[in-house]
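> Could you work out the structure for the sequence below:
(2 chains)
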Amino acid sequence: MILDYEVLKLVWWLLVGVLFIGFAVTDGMDMGVGTLLPFLGKDDDERRVIINTVGPHWDGNQVWLITAGGAIFAAWPLVYATAFSGFYFAMLLALFALFFRPVGFDYRSKIQNKTWRNAWDWGLFIGGAVPALVFGIAFGNLLQGVPFHLDELLRPYYTGSFFGLLNPFALLAGLVSLGMLTMHGAIWLQLRTGEPVATRAKHWAKIVGLATIAAFALAGIWLTLGVDGFKVVSMPPLDAIPNPLTKEVVIDPYGWLTNYRQYPWTLLFPILGFAGLGLAISLSMRDRAGLGLIMSGLGITGIIMTAGAAMFPFIMPSSSNPNSSLIAWDATSSHLTLTVMFWAAVIFIPIILIYTTWTYTKMWRRVTVEEIRAQDTLAY
Amino acid sequence: MLDSAMVELSRWQFAITAMYHFLFVPLTLGLSWMLVIMESVYVMTGRPIYRDMTKFWGKLFGINFALGVTTGLTMEFQFGTNWAYYSHYVGDVFGAPLAIEGLMAFFLESTFIGLFFLGWERLSKRQHLMVTFLTAVGSNLSAMWILIANGWMQHPVGSEFSFETMRMEMVSFSEVLFNPVAQVKFVHTVAAGYVTAAMFVAGISAYYMLKGRDLAFAKRSFSVAVGFGLASILSVILLGDESGYEVGDVQKVKLAAIEAEWHTEPAPAAFTAFGLPSNEDEETHDAIKIPWLMGLIATRSLNQEVTGLKELMVEHEIRIRSGMIAYEYLQRLRTGQDTEGNRAVFKDHMDDLGYGLLLKAYIDNPAEATEEQIQMAVKDSIPEVAPLFWTFRVMVAAGFWMLLLFVLGFYYNAKRQVQDKRWLLRAFLFSIPVPWIAAETGWFVAEFGRQPWAIGEVLPTSVAASSLGANDLIISLSAFIIFYTLLFLIEMYLMFKFGRQGPSSLHTGKYHFEQASASQTDTTAGGAPSATAPASQYRGEGS
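The predicted model follows:
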């Protein structure tokens, strides 16, 4: 039965993954575009071309992030509570960086002033690069375990510091995240702009793409050799009423390899990550940016699934009190809430995909300087 | 026990960021529909002036919308960052409407808003109108889900506490959905948003008429605005929040506090028009009362009582004592003494657990509270009365002022005399801030009136906060204030700039400032100066 509690717990782990992947390949791409904006656009016209490739879509794309946040709130309330309050300043950093996007996109070209526009361009850069980096850093910390515990009334206490989050492995994970989204954005720009921006984008896609592959490989080696994983030793049945204090968890140096050993087919995820990025670079270099964009999207999907598969069923392991770790079986909402949310997702995600596709097809064209000039007051 | 300074600062941060967010939401809710109306007329009649109206008001809509999106992000983050225990305790119920809002409404609104701005050349007329319509539907549906979530905070139906998971859990989604408080809140809030947009458009249009600029454009915009505004303000007032005050203790307390009614009066109760309420003395000094009025407004009857605050506090004391028992048995159940007997006792007192948690502000284990602490918790069980008393009256006064304006505006507009009533046009112009005052005070009444509860009768605000330190809050709150002030200044700068420019900012060549510069060029080129030319192109057209 698909609607059994344990099945729904698993389905929601997958659905949150889907929302994250949806965020990364759509809004993440916009963040990559924002990151590249000051470097790829040499003058105002070129920058407007870059901005207008994502102009009609960035806001809809951003909802993947918002919905992912909402879904975590509803499906994994304790994860939402513990992660957001524990990573307090990191979350606020991402949030304040995100502030630059809506106003940056909408306000930038409303005033004909070089300083004004330049300032917003850097704002869009911050709004792209900083969240991309922070979300990667957050993942890097999840992989290492986070110092927190729960009291008997399930109040989470975070005992680490903000700067503790900025450890070398987490920073490397941040670079993987920033790199993959920037490459994705570069290929998008190669596809959707005219010369000379497209050629510059192609150039950046190659460099950033190769750097991302190297960083992803390094992170994989580091994770295998230098980062302790976690292992559930005992826990109540999968369909039990969720209570994160009833299981026993130990630190296991090779804990993050358990799933790969037990289910070798999961090795397809890292392979997809590498192959996707590699093919994306090679297609981009051969000017097949359309296919390249699909490949970089698949590469991103592979990278996110690699981390997910390594950790499953862990969502947020605790390094200071492993038994407090939050896992997909005991950090979830009630059966009814997961059911209601499941149907909402099943009904609305396909509808969203349909109308989003419609908007992309309607706005599909290479954005050119001539077009921007012709629509001076309407375009971003 | 949480650091009380940290809790207080968390409340300030939430209040500031939420009220700031709510500066932008009402205009979006209403203006999106006015754009639909204007564009529909364009599609039906084919007259370009209605397209220009849609584009120009759409431009101002965009400036506002950008900050709405920006500040909305904060709201989503903040439950987790600052109200972690809240998130855990009620996420099972409260999170669902938020997530569904994303899936059903926010995606719709945000996906189509981009095409609204940038799709004019790419979409057919009808397609673009559909895009505008879907944006409006999306933003209003968003408000519905948010208010379902908020309504549940005021009156938590369809849910039950589970001692095993130590949280509230949903037992009936349809009860959460059809919560009577949420329903009236939704109607009241979106209608208030429509009023805001109508005042905004009418006020700025009045400015153009006062300046004698772009008259055809201004008059048409004004007509749409006063029609829409009159219908909306009537809905706000007639379908006011009042009907929501009948259910649940929190709403009763709120009503008594708004009216500064300390003692239950024989029905129908008098309305206190003026007074100086004091929580310390538990009475209202220098009160001027209008007989019968409140009973009529609040209960819509002559024989139903409005319970006074003191009587409510007596009930609260009983429930706090019962909540202490609930807490004690909760501890037993959670520490392995899960027996039939303990379950039965807990079940009897479970509904008062929230009242027991009020004691957490003073002692870690409410079951061991002293008599003095109980009395302090009883005092805490009602909100500060004076701020509610006054903000409510400001809101109501603002509402009736706008009713008057819209009635007059509608009347003179229908008689085609509005252009000559300069006093009325000035009143519209200077009343542009009034709907925002009404919306903010209304929000304040709803949320401050909910105190001491984060979730009515279930979770006190003092327990709901994250385990942070006061210093964390000082840093984040300062950052919010600095950032938000800057954003506000930038937004106002753009609003004023484009508001003053009017439709000339569309660069169609047809409106005042472009005509003025065109006529200057004409003069220098030897053509006839045409000082009266502005907007004349449209003046004669089919009015």
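
> Give me the local confidence score for B:Val445.
Looking at B:Val445, its pLDDT stands at 93.

> ok, now how distant is the most centrally placed residue in chain B from B:Leu234?
Closest to where the C-alpha atoms of chain B average out (C-alpha atoms, centre = their mean) is B:Trp443, at 4.9 Å. To B:Leu234, B:Trp443 is 21 Å away according to C-beta to C-beta, to the nearest Å. Just so you know, the C-beta spots here come from the backbone N, C-alpha and C atoms, and that holds for glycine as well.

> With A:Ala198 instead?
56 Å.

> element containing residue 67, please.
Went with chain A since none was named. Assigned by DSSP states H and E, A:Thr67 belongs to helix A:58-75.

> try chain B instead
B:Leu67 is located in helix B:48-82, with elements delineated by DSSP H and E.

> before we move on, what about B:Tyr89?
Assigned by DSSP H and E, B:Tyr89 belongs to helix B:84-100.

> ok but B:Thr284 is inside a strand, no?
Yes - looking at B:Thr284 with DSSP: H, G, I helix; E, B strand; the rest coil, it is inside a strand.

> how about the strands in the chain?
Unless you meant another one, I'm taking chain A. For chain A, the strands defined by DSSP state E occupy A:148-150, A:156-158, A:229-234, A:248-252, A:314-316, A:326-327.

> Not quite, go with chain B.
Going by DSSP E, chain B shows strands at B:159-162, B:167-170, B:271-278, B:283-290, B:453-455, B:459-460.

> which residues touch the second one?
What that stands for is strand B:167-170. A:77, A:154, A:333-334, A:336-337, A:340, B:88-93, B:96, B:156, B:158-162, B:176, B:455, B:458-459 (C-beta atoms under 8 Å, 6 or more residues apart in numbering or on different chains).

> State the distance from the closest residue in space to B:Ala15 that isn't next to it in sequence to B:Leu27.
Leaving aside its chain neighbours, B:Ala15 sits nearest to B:Glu447 (7.4 Å; criterion: C-beta to C-beta, 6 or more residues apart in numbering or on different chains). As judged by C-beta to C-beta, B:Glu447 and B:Leu27 stand 20 Å apart.

> Counting neighbours, go ahead and name the busier of those two.
Each of B:Glu447 and B:Leu27 has its neighbours counted (other C-beta atoms under 10 Å in any protein chain shown); B:Leu27 has more, 26 against 19.

> wait, what's in contact with the nearest residue in space to that one that is not next to it in sequence?
For B:Leu27, ignoring the flanking residues on the chain, the nearest one in space by C-beta to C-beta, 6+ apart is B:Asn64 at 4.9 Å. B:Asn64 makes contact with B:Phe24, B:Leu27, B:Thr28, B:Leu31, B:Glu491, B:Met495 under the criterion C-beta under 8 Å, 6+ apart.

> Quick check: the farthest pair among those residues?
Using C-beta to C-beta, the pair of the contacts of B:Asn64 lying farthest apart is B:Leu31 and B:Glu491, separated by 14.7 Å.

> if you count what's nearby, which of those two comes out ahead?
Shown here are B:Leu31 and B:Glu491; by other C-beta under 10 Å, B:Leu31 has more neighbours (26 against 19).

> Within range of chain B, give me the residues from the stretch 151-300 of chain A.
A:Glu152, A:Leu153, A:Leu154, A:Arg155, A:Pro156, A:Tyr157, A:Tyr158, A:Ile241, A:Pro242, A:Asn243 (C-beta under 8 Å from any C-beta of the partner chain).

> Need the pLDDT of the fourth one.
The pLDDT attached to A:Arg155 in the predicted structure is 95.

> Okay, now the unreliable bits of the stretch 201-350 of chain B?
Applying pLDDT under 70 to the stretch 201-350 of chain B flags residues B:241-247, B:296-301.

> Return the distance of the lengthiest helix in chain A from the chain's centre.
If you go by DSSP state H, chain A has its longest helix at helix A:5-40. Distance of helix A:5-40 from the chain centroid (C-alpha atoms, centre = their mean, to the nearest Å) equals 4 Å.

> How about stretch B:398-415?
Put simply, stretch B:398-415 sits 23 Å off its chain's centre (C-alpha atoms, centre = their mean).

> So for that stretch, what gets flagged as buried?
Neighbour-count burial for stretch B:398-415, counted by 16 or more other C-beta atoms under 10 Å in any protein chain shown, picks out B:Ala398, B:Gly399, B:Trp401, B:Met402, B:Leu403, B:Leu405, B:Phe406, B:Leu408, B:Gly409, B:Phe410, B:Tyr412, B:Asn413.

> just stretch A:278-298 next, same as before
Neighbour-count burial for stretch A:278-298, with 16+ other C-beta under 10 Å as criterion, is recorded at A:279-281, A:283-285, A:288-289, A:292-298.

> out of these, which are inside helices?
Assignment to helices by DSSP H places the following of the buried residues of stretch A:278-298 there: A:279-281, A:283-285, A:289, A:292-298.

> Among these, which one sits closest to B:Asn365?
Of all those, B:Asn365 sits closest to A:Gly297, with 53.5 Å by C-beta to C-beta.

> Spit out the contact partners of B:Ala465.
In this structure, B:Ala465 makes contact with B:Leu2, B:Met6, B:Val7, B:Ser10, B:Asn82, B:Trp83, B:Ala84, B:Tyr85, B:Tyr86, judged by C-beta under 8 Å, 6+ apart.

> ok, which stretches of the stretch 51-200 of chain A are helices?
A:58-75, A:77-86, A:88-107, A:114-144, A:168-192, A:197-226 (DSSP state H, counting those that start in this stretch).

> Let me know whether the shortest one sits next to chain B.
What it means is helix A:77-86. Yes - Helix A:77-86 lies within reach of chain B by C-beta under 8 Å from any C-beta, at A:Pro77, A:Leu78, A:Tyr80, A:Ala81, A:Thr82, A:Ala83, A:Phe84, A:Ser85.

> and these as CSV, adding distance to B:Arg319 and pLDDT?
What follows is those, written out as CSV (distance: C-beta to C-beta, whole Å; pLDDT from 0 to 100):
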residue, distance to B:Arg319, pLDDT
A:Pro77, 26, 97
A:Leu78, 28, 97
A:Tyr80, 30, 97
A:Ala81, 27, 97
A:Thr82, 31, 97
A:Ala83, 34, 96
A:Phe84, 32, 96
A:Ser85, 29, 96
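
> For residue 232, list the residues it contacts.
Unless you meant another one, I'm taking chain A. With contact set as C-beta under 8 Å, 6+ apart, A:Val232 has these partners: A:Lys247, A:Glu248, A:Val249, A:Pro313, A:Ile327.

> sorry, should have said chain B
B:Ser232 is in contact with B:Gly30, B:Ala191, B:Ala192, B:Tyr194, B:Val195, B:Ala198, counting by C-beta under 8 Å, 6+ apart.
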